[in-house]
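**Student:** how does the following fold in three dimensions:
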Amino acid sequence: MGVWRRLSGLDPVMMVFTCPYCGLACDETELAPGGQAHLQRAGPDATDDDFEGYLFGRDNPKGVHFERWRHQYGCGKWFHAARDTVTMEVFGTYKAQVEKPPQAIVKIIKKRRPDWGSDT
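**Tutor:** Numbers count the residues shown, from 1 in each chain. Coordinates of the predicted model:
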């Protein structure tokens, strides 16, 4: 699970993620962001509009968001993270080879954000 770590008395909070592959807790400076998670790729029969949407269309919610991150200065693997874009709270991380967030992560989000409407 992600946790918050205060760098010093007055410094802003930095996000900390736990890599689901190697188990290391690392702050965001050790990671490379990869954008929105769980995108559906446009297939070979897709229209130009579908392909354009895949390449350029991204959600940018205020609140709960699912993102891809790479453990750049660690094991090098890609993983997914659920976090709040307003508070920077990290709800959890999970391996990238899944089509939707694990129920354990969804349960944590719903407990902390009861008004969150999941479309997963």
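
**Student:** what residues does the nearest residue to R113 once chain neighbours are set aside make contact with?
**Tutor:** Counting by CB to CB, 6 or more residues apart in numbering, R113 lies nearest to V64, which is 6.1 Å off, once chain neighbours are set aside. Glycine gets a C-beta too; all of them are placed from N, C-alpha and C. V64 makes contacts with A82, R83, D84, T85, F91, I109, R113, W116, as judged by CB atoms under 8 Å, 6 or more residues apart in numbering.

**Student:** can you show me the strands along the chain?
**Tutor:** 3-6, 13-18, 25-27, 32-36, 64-70, 78-84, 90-95 (DSSP state E).

**Student:** name the surrounding residues that touch the fourth one.
**Tutor:** For strand 32-36, the surrounding residues in contact (CB under 8 Å, 6+ apart) are R58, D59, H65, F66, E67, R68, W69, R70, Q72, W78.

**Student:** can you report how many residues lie near the fifth one?
**Tutor:** Burial of E67, expressed as a neighbour count using other CB atoms under 10 Å, amounts to 18.

**Student:** look up how far A46 lies from it.
**Tutor:** Applying CB to CB, to the nearest Å, the value for E67 to A46 is 24 Å.
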